[in-house]
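**Q** Let me see the structure of the following:
(3 chains)
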Amino acid sequence: MSVYHVSFKIQSDRRPTFHDVTDQVQEALKKSGIKDGILVVFSQHTTCSVMIQEASDDINYWGTELLMQDLVSVLENIIPTCRTEGQYLHPGPKHIEAAAGRNELPAWSLNTDAHLRSILMGRSESIPVVDGKLELGEFGRIYFADFDQVRARERTIRVQIVGE
Amino acid sequence: MSVYHVSFKIQSDRRPTFHDVTDQVQEALKKSGIKDGILVVFSQHTTCSVMIQEASDDINYWGTELLMQDLVSVLENIIPTCRTEGQYLHPGPKHIEAAAGRNELPAWSLNTDAHLRSILMGRSESIPVVDGKLELGEFGRIYFADFDQVRARERTIRVQIVGE
Amino acid sequence: MSVYHVSFKIQSDRRPTFHDVTDQVQEALKKSGIKDGILVVFSQHTTCSVMIQEASDDINYWGTELLMQDLVSVLENIIPTCRTEGQYLHPGPKHIEAAAGRNELPAWSLNTDAHLRSILMGRSESIPVVDGKLELGEFGRIYFADFDQVRARERTIRVQIVGE
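**A** Down below sits the predicted model:
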């Protein structure tokens, strides 16, 4: 029985971005040598999520797969993009003060929508590893979503595998 | 420390279906012999989900438990059933072409709502196993949900247990 | 390789409550002695959830962090608070009868909103443990949410760690 951990990075944009990280995760599994167990794909960022979905084949002018753009439309309806302070309760004055102490612009905290979307979509996916194979089914792909629209950033994805 | 895997199948219908699979999962745990660890109930289908909830006792004329029918109403409000191409961006022309290459009718791809509902509800549940017991609490039951309304299909549920 | 389990309790109120349980989880990890593996924070209650988010710093008059209060607003829009029987399909007559058999008042079953919110938000979070550290990132905190508004109750949170 062993534990294998690896992390890798992607670069997000100032719009909701969705990176297909399936190949990186498959490579991590191969390197681990683990044949049977549980693999967790995890985002430590509080405005990001990990999800499993089918590749949509078609993309829009921004390069976003159409199914993911449909997801953005659904999320926009229930958690509208935060355009100014006062639209949501968060961020409040103490939060802005704390951010200033980290040399962050107040506008960088106007990502309340991204925090809420991230809570709704969840932080990770746990996937069975059986006979050395990730059980994603015929169409399953692993996506890393960054919902933060106020800053383009480098983001970390973690893969943790426990098994034998 | 050991890893145990088993899968089983259910038959879905051309409406959102919810199968209580608690008994099959409990049986898998018993067969595994694992007393302490983590059990993952996983759906590899991109229009399906796994969820834990209380049994609702009452059912409607379709045989759906009332709490799950309430869930369908909530989902219908935020992600309406896809009734024709053009309602959502997905499926686009490349996706339809790829589906045709697998001898799938174009209408079978009009399950965008099911893909989106599946993303929202998540792919799996991870449950602690303590002293040979699945820690579901007094009322927790495990449901497999198939949100796909365009085809009745046989579906696979996977159970993966890591522990000792 | 070993498995460590611990549970602890919090007291909820007759409104959606959010408890930051990060310190208790960190303490569990330290006691476990596990350096690398997967840690699951799990709620066995069908009207509760576990989520990871940034601390909001500011709180409202009720003591609820502003980001969590924003979440309540989002949930209220898509799954309104259940105020009377008939608003949702659940609870039906058999459910009320079963509850009466457990000496529960009928009004205690008017928590359909909490069940649905709990399904949507999920039951658990799985977090990588790397070099003895919980990989929550710079801002990640672990919250236990109780969405049940009909009764203040003592609730159980379970922490399960598998690793070495």
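
**Q** Secondary structure element holding the nearest residue to A:Gln44 once chain neighbours are set aside?
**A** Leaving aside its chain neighbours, A:Gln44 sits nearest to C:Gly137 (3.2 Å; criterion: Cβ to Cβ, 6 or more residues apart in numbering or on different chains). The C-beta positions use only the backbone N, C-alpha and C, and glycine is treated the same way. C:Gly137 is part of no helix or strand when elements are defined by DSSP states H and E.

**Q** Does C:Gly137 touch A:Thr47 like I think?
**A** No. With contact taken as Cβ atoms under 8 Å, C:Gly137 and A:Thr47 are classed as non-touching, separated by 10.6 Å.

**Q** ok, the two, which is more surrounded?
**A** Neighbour totals were compared for C:Gly137 and A:Thr47, and A:Thr47 leads with 28 against 18 (other Cβ atoms under 10 Å in any protein chain shown).

**Q** Which pLDDT value does the model give that one?
**A** Predicted confidence (pLDDT) for A:Thr47: 97.

**Q** okay, now the residue nearest to it when sequence neighbours are not counted: neighbour count?
**A** Closest residue to A:Thr47 apart from its sequence neighbours, by Cβ to Cβ, 6+ apart: A:Ala114 at 3.7 Å. By other Cβ under 10 Å, 26 other residues sit near A:Ala114.

**Q** quick revisit: quick one, what contacts the residue nearest to A:Gln44?
**A** C:Gly137 is in contact with A:44-46, A:156, counting by Cβ atoms under 8 Å, 6 or more residues apart in numbering or on different chains.

**Q** Which pair of the residues you listed spans the longest distance?
**A** Farthest pair in the contacts of C:Gly137 (Cβ to Cβ) is A:Thr46 and A:Thr156. Separation: 12.5 Å.

**Q** what pairs with the nearest residue to A:Ser32 once chain neighbours are set aside across the strands?
**A** Leaving out its chain neighbours, the residue that sits closest to A:Ser32 by Cβ to Cβ, 6+ apart is A:Tyr4, at 3.5 Å. A:Tyr4 forms beta bridges with A:Ile161, as assigned by DSSP bridges.

**Q** thinking A:Tyr4 is in contact with A:Ile161, fair?
**A** Yes. Using Cβ under 8 Å, A:Tyr4 is in contact with A:Ile161, at 4.5 Å.

**Q** higher neighbour count, those two?
**A** A:Ile161 (26 against 18).

**Q** ok so, going back, find the residues that touch each one of A:Tyr4 and A:Ile161.
**A** A:28, A:32, A:34.

**Q** Local confidence estimate at the last one?
**A** It stands for A:Ile34. Reading off the model, A:Ile34 has pLDDT 98.

**Q** what's the answer for A:Val162, then?
**A** pLDDT, read off for A:Val162, is 98.

**Q** hang on, isn't it packed against C:Gln160?
**A** No. Shown here, A:Val162 and C:Gln160 do not form a contact pair, counting by Cβ under 8 Å, at 11.9 Å.

**Q** What is the longest helix of chain A by residue count?
**A** Counting by DSSP state H, the longest helix found in chain A is helix A:66-78.

**Q** And the next helix or strand past that one?
**A** By DSSP H and E, the next helix or strand past helix A:66-78 is helix A:93-101.

**Q** Run the chain-centre distance for that next one.
**A** 25 Å (Cα atoms, centre = their mean, to the nearest Å).

**Q** now for that helix, which elements pack on it?
**A** Here helix A:93-101 touches no other helix or strand, going by 3 or more Cβ pairs under 8 Å, 6 or more residues apart in numbering or on different chains; DSSP states H and E.

**Q** could you give me the average pLDDT of it?
**A** Helix A:93-101 comes out at a mean pLDDT of 97.

**Q** C-alpha coordinates for the helix or strand just after that helix, PDB please?
**A** The helix or strand immediately downstream of helix A:93-101 is helix A:112-121, counting by DSSP H and E. What follows is helix A:112-121, C-alpha atoms only, in PDB (Å, rounded to 0.1, in the frame of the first residue of the first chain):
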ATOM      1  CA  THR A 112     -17.700  36.800  -4.500                       C
ATOM      2  CA  ASP A 113     -19.400  35.100  -7.400                       C
ATOM      3  CA  ALA A 114     -16.400  32.900  -7.900                       C
ATOM      4  CA  HIS A 115     -16.300  31.900  -4.300                       C
ATOM      5  CA  LEU A 116     -20.000  31.000  -4.300                       C
ATOM      6  CA  ARG A 117     -19.700  29.100  -7.600                       C
ATOM      7  CA  SER A 118     -16.700  27.200  -6.200                       C
ATOM      8  CA  ILE A 119     -18.700  26.200  -3.100                       C
ATOM      9  CA  LEU A 120     -21.600  25.000  -5.300                       C
ATOM     10  CA  MET A 121     -19.400  23.000  -7.700                       C
END
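
**Q** I'd like the next helix or strand past helix A:112-121.
**A** Downstream of helix A:112-121 (by DSSP H and E), the next one is strand A:124-130.

**Q** How far away from the center of its chain is that following strand?
**A** For strand A:124-130 - counting by Cα atoms, centre = their mean - the centre lies 16 Å from the chain centre.

**Q** Look up how far chain C lies from A:Asp58.
**A** Look at A:Asp58 and chain C: by Cβ to the nearest Cβ, to the nearest Å, they are 28 Å apart.

**Q** contacting residues for that residue?
**A** A:Asp58 neighbours (Cβ under 8 Å, 6+ apart): A:65-66, B:89-95.

**Q** Give me the local confidence score for A:Leu75.
**A** Looking at A:Leu75, the pLDDT reads 98.

**Q** Revised request: answer the last question for A:Met1.
**A** 84.

**Q** surely it meets A:Ile161?
**A** No. Between A:Met1 and A:Ile161 there is no contact under Cβ under 8 Å: 11.1 Å.

**Q** Can I take it that A:Arg158 is in a strand?
**A** Yes. Looking at A:Arg158 with DSSP: H, G, I helix; E, B strand; the rest coil, it is inside a strand.

**Q** My understanding was that it contacts C:Lys133; is that so?
**A** No. Between A:Arg158 and C:Lys133 there is no contact under Cβ under 8 Å: 11.6 Å.

**Q** More neighbours: which of the two?
**A** A:Arg158 (21 against 12).

**Q** Now do A:Phe147 against B:Asp148, distance only.
**A** 26 Å (Cβ to Cβ, to the nearest Å).

**Q** scratch that, A:Thr64
**A** If you go by Cβ to Cβ, the gap between A:Thr64 and B:Asp148 works out to 23 Å.
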